[in-house]
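*Asks:* what's the 3D shape of this:
(one chain, ligands or ions: 2)
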Amino acid sequence: MKLKSLEISGFKSFADKTMIEFMPGMTGIVGPNGSGKSNIIEAIRWVMGEQSAKDLRGTKMSDVIFGGTNKRGALNRAEVAITFDNSDHYINSDFNEIRVARKLYRTGESVYQINGVESRLRDIHDLFMDTGLGRESFSIISQGRVESIFNAKPEDRRGIIEEVAGVYKYKQNKEKAQKE
Ligand code: ATP
Ligand code: MG
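*Replies:* Ligands and ions are numbered 1, 2, ... in the order given. Prediction:
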């Protein structure tokens with residue numbers, strides 16, 4: 001499974017539609033301070049279901065929508081889509097290519113799609129759970145997170161190991177079954 005592309009439109013500093021295609025090997029994103037490097041990482045976290053505006057450096061979720069500059073007015077919609085090559089079916093799906101999209105309007109209306117089909121946040125979570133890619137995973141580690149892992153309580157650190165080992169999903173399913 002490989003990250004193929006990221007489309008960003010109206011999200012944070014990316015007012016115009018921007019397409020980033022990831023080539024085989026390692027990709028580095030470089031640019032001056034304030035040019036949008038962190039916004040790209042946040043776009044990835046957001047499209048995969050991030051729910052915390054604070055973790056996206058905002059106070060409310062609509063802060064991710066392009067808010068305008070002195071040259072250009074604010075937009076009413078943020079849209080991000082991420083495409084994975086899933087020809088090895090690492091993600092539990094029959095599709096060879098998986099495209100997840102999220103849209104948010106200033107009105108608060110929000111839409112998720114998996115391969116063009118409107119989906120729930122829950123479906124996005126299920127798709128990525130235990131792939132090491134999910135919202136709670138460690139595939140994206142911010143500066144502050146490194147410190148919090150070091151300082152975590154033993155039971156929280158155990159949770160990290162369970163997620164990495166892929167048993168977290170089964171624990172969640174067990175808890176769900178016990179409640180039902
Ligand atoms: P550094 O090297 O300092 O870490 P960076 O390349 O990571 O910089 P970002 O933090 O991604 O830069 O981008 C910050 C820029 O994004 C700021 O100029 C900020 O005004 C702009 N920005 C953030 N949210 C929005 C928004 N909703 N609308 C317009 N611009 C925004
Ligand atoms: Mg940055």
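*Asks:* can we go C-alpha only for contacts and neighbour counts from here?
*Replies:* Fine.
*Asks:* return the helix or strand in this structure with minimum mean pLDDT.
*Replies:* Using mean pLDDT, DSSP states H and E, helix 143-150 stands out as the lowest-scoring helix or strand of the chain, at a mean of 79.
*Asks:* run through the residues of this structure sitting next to ligand 1.
*Replies:* For the chain, the residues in contact with ligand 1 (C-alpha under 6 Å from any ligand atom) are 12-13, 31-39, 63-68.
*Asks:* helix or strand for Trp46, which one?
*Replies:* Mapping Trp46 onto the secondary structure by DSSP states H and E places it in helix 37-47.
*Asks:* elements contacting that helix?
*Replies:* strand 77-85, strand 97-105 (3 or more C-alpha pairs under 8 Å, 6 or more residues apart in numbering; DSSP states H and E).
*Asks:* let's see which of the residues of the chain next to ligand 1 end up in helices.
*Replies:* 37-39 (DSSP state H).
*Asks:* out of those residues, which is most surrounded?
*Replies:* Asn39 (20 neighbours; other C-alpha atoms under 10 Å).
*Asks:* ok, and the closest non-adjacent residue to that one?
*Replies:* Lys12 (6.6 Å; C-alpha to C-alpha, 6 or more residues apart in numbering).
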